[in-house]
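**Q** kindly return the folded structure for what I paste below:
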Amino acid sequence: MTTEVPELARRRYLDACIAGDYPAALLVCQALRQSGLTWSALVRSLLSPALWRVGDLWMYGKVTVAQEQRVTAITEAVIQTLLSDSPTPRANARVLLTGPEGEWHVLPSRMVALVLRQLGWDVLQLTPAIPPEDLLTLARTEHGHVAGISCSLPGNLVPAWQSITALRQAGFRVLAGGRAFVAYPGLAQSLGADAGAHDLLQAHEVLLEWVTQPAPGPRPPTLQRRWEGLESTWAATERIVADAGVLAVDIEGVALAGEVLRQDLTLMLTTAVAAALAQRAAILADHFAWYEDLLSVGGVDPGSAPALLRALSRVLPADADDIRDVIAEVVSRPRARQSPA
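**A** This next block holds a predicted model:
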């Protein structure tokens, strides 16, 4: 048995998916399986990386939303076909799956639900996610005690933490996955989850172990003291973004305006709050580097990125020192990331 996927196979699979060629994509996977590649290696070394790669390409404007969704749809179909003959242990147990409130990118969680159902799980899928207070109410009526949460964007880590908190209070063990968690080892546990999962099969294995254990019972929220210094900023997001937008244009001379400027500032602010909550400046630094590259690709001066952060820092509430510190650290860092080819 082998665990390596040749680079040529990776390219052929992704190219077939982007082109909408399901038979060609399936043929790549079947050939790899016939060569001795394990099912887990196929997921971990080909299918999951393909979804991440197309996500990168979309973020940099190199593929359309339609093409990204095509890759996901074909990968779903490939998984269904391959899993029909898979000897992977089946669960026959209940799992609740959700995501952060406000995250519209639900394709990854849909993929998780598909695989878990194929593996015998009774899946209650709540995506798009519901508010944490509603999640708490619903979870308390559930007869299961294991849950998974998927988060793709670092700017949604605060709502992810709020959903994790609600599930903990309802007596669930919580598994966190998705790109926003996988990118930062230990982040899932830092935000209150019981464990993190790198891929679908690891999630299945962890959840299988949990269902054999007693329910943990209701548990208190995490990070509440730290949140006290961030909550006023989170509540005032709309006002802060509006004020920062004025400063960015009038004082910093940023060549952005209207809805684009509002969306960019909002995502930058929510990511900064997440970085402060997790005490990981790298979360904002990575977003900042991506945004600089995105501006360059779009023909906009990348100097707009630090200008937006400076504008945000100036209009934060008085008790937002943790966020200001994160912003100051990120703005002072040298630029190191490049746009994907």
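**Q** go through the longest helix seen in the chain and flag the buried ones.
**A** Secondary structure of the chain per DSSP state H: the longest helix is helix 258-278. By 16 or more other CB atoms under 10 Å, the buried positions in helix 258-278 come out as 261-262, 264-278. C-beta coordinates here come from the backbone N, C-alpha and C atoms, glycine included.
**Q** same for that helix, what does it pack against?
**A** helix 157-169, helix 224-228, helix 231-235, helix 237-250, helix 281-297, helix 304-314, helix 321-331 (3 or more CB pairs under 8 Å, 6 or more residues apart in numbering; DSSP states H and E).
**Q** which one of those is the most hemmed in?
**A** Sort the helices and strands packed on helix 258-278 by mean neighbour count, taking mean count of other CB atoms under 10 Å, and helix 157-169 sits at the top with a mean of 26.
**Q** contacts for the helix or strand just after it next, please.
**A** Per DSSP states H and E, helix 157-169 leads on to strand 173-177 as the next helix or strand towards the C-terminus. For strand 173-177, the external contacting residues (CB atoms under 8 Å, 6 or more residues apart in numbering) are 112, 145-151, 160, 164, 167-168, 187-188, 191-199, 203, 206-207, 210, 213, 215-216.
**Q** quick one: buried ones out of those residues?
**A** By 16+ other CB under 10 Å, the contacts of strand 173-177 give 112, 145-151, 160, 164, 167-168, 187-188, 191-197, 199, 203, 206-207, 210 as buried.
**Q** which of those fall in strands?
**A** Residues of those located in strands (DSSP state E): V146, A147, G148, I149, S150, A195, G196.
**Q** G299: which of these is nearest?
**A** Of all these, G299 sits closest to S150, with 33.5 Å by CB to CB.
**Q** list the contacts for the closest one?
**A** Residues near S150 by CB under 8 Å, 6+ apart: L97, G99, P108, S109, V112, T127, A176, G177, G178.
**Q** check the gap between it and Q125 for me.
**A** According to CB to CB, to the nearest Å, S150 stands 10 Å off from Q125.
**Q** any residues in contact with both of these two?
**A** L97, S109.
**Q** so how far is stretch 274-282 off the chain centroid?
**A** The chain centre lies 15 Å from the centre of stretch 274-282; the measure is CA atoms, centre = their mean, to the nearest Å.
**Q** now do that stretch, average pLDDT.
**A** Averaged over stretch 274-282, pLDDT sits at 97.
**Q** CA atoms only: put the strand or helix carrying D15 into PDB for me.
**A** D15 belongs to helix 7-19 when assigned by DSSP H and E. The C-alpha atoms that make up helix 7-19 are tabulated as PDB, following Å, rounded to 0.1, in the frame of the first residue of the first chain:
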ATOM      1  CA  GLU A   7       2.100  15.800  -8.500                       C
ATOM      2  CA  LEU A   8       0.900  14.900 -12.000                       C
ATOM      3  CA  ALA A   9      -2.100  13.200 -10.600                       C
ATOM      4  CA  ARG A  10      -2.900  16.200  -8.400                       C
ATOM      5  CA  ARG A  11      -2.800  18.500 -11.400                       C
ATOM      6  CA  ARG A  12      -4.900  16.100 -13.600                       C
ATOM      7  CA  TYR A  13      -7.500  15.800 -10.900                       C
ATOM      8  CA  LEU A  14      -7.900  19.500 -10.300                       C
ATOM      9  CA  ASP A  15      -7.900  20.300 -14.000                       C
ATOM     10  CA  ALA A  16     -10.600  17.700 -14.600                       C
ATOM     11  CA  CYS A  17     -12.700  19.100 -11.800                       C
ATOM     12  CA  ILE A  18     -12.400  22.700 -12.900                       C
ATOM     13  CA  ALA A  19     -13.300  21.700 -16.400                       C
END
